[in-house]
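Student: what follows is a protein structure lacking sequence information:
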């Protein structure tokens, strides 16, 4: 089987950079600011493969570069260096070699993103249904009835009352906004979904329902997902494999139960020992 | 459609010189834990253990608490990384694979299809019914829902888990009930290799007897079993081979 996503040596720096930036920063150096030139190295030389239908967990503390990673892959930011190959329906695309229009096409048709903050993922000036319609319109579904039906189905699947599809997202609770975001992300049946701290900040019962929904989607639709979180419980529940990041570097990868029960790197051991 | 019949055990010997009914061969397995938090202190786990598991037979692991029996099972299942030594496993496809060095994808594939691990403690979500917990490995394989639930029902019956408990979560069950649910889940796949960590530890005489009968019937389907036991009587009844693990 071919990986759906192949990421190699992905790097993102903020600042002018110098030749020794990458070697001066990272987990060993215990900083992500280059002491020579003051450049911030948000993420450096990250490589991994993701297979169809697989959930990959990315964990690490704030500032470890985990969100930078998914934002680069979703074209929200552009990486400084490195490549990512997306393979789908027998075709492979070198993601960062594409022009802006091609990148937008991939983003709208083949990828889905759910942000921690619903304001980043939803348009608050249009209704919940309108948010889903937006994505459908971008992927060339133009029939009004078809769009309404599709939005209703998606909202039902994500357990948002379809009767409320014409309300603005600001009328909804945080958990519901998150469900609308998930419905919007799923609108184009994407084979690849990015989830950035989707349950952080929600109360426990809502968290549980969102996680159940994500598991159900994975089982039924076989969507590949990259789940970014600092919550070990979410990782244990969802991910089959996990990457651990610190100061922009991947310090450990492995099967999730192995990373949590037999962590090899000093930082992972500290992280696991900090669990409540 | 998923084939729930016992998987075929290849009888023709491969290029390897092991006897054809051996499905797991552990050689000189060693595992230590390095604790970075405590000045890189090294804790010994398992020291140079060697043994085999044959299809349709049960190899029992015994030894005092803390000798590394559970660590050994976890190394085979890759919950722990093996430091040294070899864990050769004969896959359903007929190839020998070293589980200590196999890729993560190979291990995930085996866990889904061929190797089950029944741990001492049942981990489950407090909002999942017992039936779903037991049928989960089949759901993951894409097995049809009712078919998966039928098989789960059959196992729960055999394990003498009362029917009134099937629709509620095992989170609130007694130790013995949880353990039987855990066993049922481990056996639902009809694995080629079954790892059991003290399967009868918190069971009374009667239920323990039904578990023994079930283990015997699983052996007859060709599953190779590696189990930790403390009770010499159980070992006498169930084990074909005994390996004593000594503290390293």
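Tutor: Right, received. Where do you want to start? Predicted model, so just to flag it, every value in this text is computed and none were measured.
Student: centroid-nearest residue for chain A?
Tutor: residue A:194 (2.6 Å; CA atoms, centre = their mean).
Student: let me see the contact set for it.
Tutor: By CB atoms under 8 Å, 6 or more residues apart in numbering or on different chains, residue A:194 lies in contact with A:70, A:73, A:74, A:111, A:112, A:113, A:114, A:225, A:226, A:228. Every C-beta, even on glycine, is put in place using the N, C-alpha and C of the backbone.
Student: so which of those are in helices?
Tutor: In helices, defined here by DSSP state H, the members of the contacts of residue A:194 are A:70, A:73.
Student: follow-up on the earlier one: now the residue nearest to the centre of chain A: how far from chain B?
Tutor: According to CB to the nearest CB, to the nearest Å, residue A:194 and chain B sit 21 Å apart.
Student: about what we covered before: mind putting the contacts of residue A:194 into JSON lines with distance to chain B, neighbour count and pLDDT?
Tutor: Written out in JSON lines, the entries for the contacts of residue A:194 read as follows (distance: CB to the nearest CB, whole Å; neighbours: other CB atoms under 10 Å in any protein chain shown; pLDDT from 0 to 100):
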{"residue": "A:70", "distance to chain B": "21", "neighbour count": "20", "pLDDT": "95"}
{"residue": "A:73", "distance to chain B": "20", "neighbour count": "25", "pLDDT": "97"}
{"residue": "A:74", "distance to chain B": "25", "neighbour count": "19", "pLDDT": "96"}
{"residue": "A:111", "distance to chain B": "23", "neighbour count": "21", "pLDDT": "95"}
{"residue": "A:112", "distance to chain B": "22", "neighbour count": "26", "pLDDT": "94"}
{"residue": "A:113", "distance to chain B": "25", "neighbour count": "23", "pLDDT": "95"}
{"residue": "A:114", "distance to chain B": "21", "neighbour count": "26", "pLDDT": "94"}
{"residue": "A:225", "distance to chain B": "15", "neighbour count": "21", "pLDDT": "96"}
{"residue": "A:226", "distance to chain B": "16", "neighbour count": "26", "pLDDT": "97"}
{"residue": "A:228", "distance to chain B": "19", "neighbour count": "27", "pLDDT": "95"}
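Student: now, which of the contacts of residue A:194 sits nearest residue A:244?
Tutor: Residue A:244 lies nearest to residue A:228 out of the contacts of residue A:194, by CB to CB, at 11.9 Å.
Student: contacts only, for that closest one.
Tutor: Counted by CB under 8 Å, 6+ apart, residue A:228 has contacts A:58, A:59, A:66, A:67, A:69, A:70, A:194, A:195, A:196, A:197.
Student: show me what from the stretch 101-250 of chain A comes close to chain B.
Tutor: If contact is defined as CB under 8 Å from any CB of the partner chain, the residues of the stretch 101-250 of chain A in contact with chain B are A:208, A:212, A:219, A:237, A:240, A:241.
Student: that older thread, report the two of the contacts of residue A:228 separated the most.
Tutor: For these, the maximum inter-member distance is 14.8 Å, found between A:59 and A:194 (CB to CB).
Student: quick revisit: among the contacts of residue A:228, which are located in strands?
Tutor: When DSSP state E defines the strands, the subset of those inside them is A:58, A:59, A:194, A:195, A:196.
Student: relative to residue B:238, how far out is the third one?
Tutor: Just to be clear, that refers to residue A:194. Between residue A:194 and residue B:238 the computed distance is 49 Å (CB to CB, to the nearest Å).
Student: likewise for the first one?
Tutor: In this view, residue A:58 and residue B:238 are 44 Å apart by CB to CB.
Student: again, but for the fourth one
Tutor: According to CB to CB, residue A:195 stands 45 Å off from residue B:238.
Student: among the two, which residue is more densely surrounded?
Tutor: Comparing residue A:195 with residue B:238 by other CB atoms under 10 Å in any protein chain shown, the one with more neighbours is residue A:195, at 27 against 21.
Student: can you name the residues bridging to that one?
Tutor: Beta-bridge pairing of residue A:195, defined through DSSP bridges, involves residue A:114, residue A:227.
Student: that one and residue A:213 touch, don't they?
Tutor: No. Using CB atoms under 8 Å as the test, residue A:195 is too far from residue A:213 to be in contact (11.1 Å).
Student: tell me, what residue is most central in chain B?
Tutor: Centrality entry for chain B: nearest residue to the mean C-alpha point is residue B:195, 1.9 Å, by CA atoms, centre = their mean.
Student: just confirm it contacts residue B:116, I think it does.
Tutor: Yes. Taking CB under 8 Å as the contact criterion, residue B:195 and residue B:116 are neighbours in contact, 7.0 Å apart.
Student: tell me how many other residues crowd residue A:47.
Tutor: 15.
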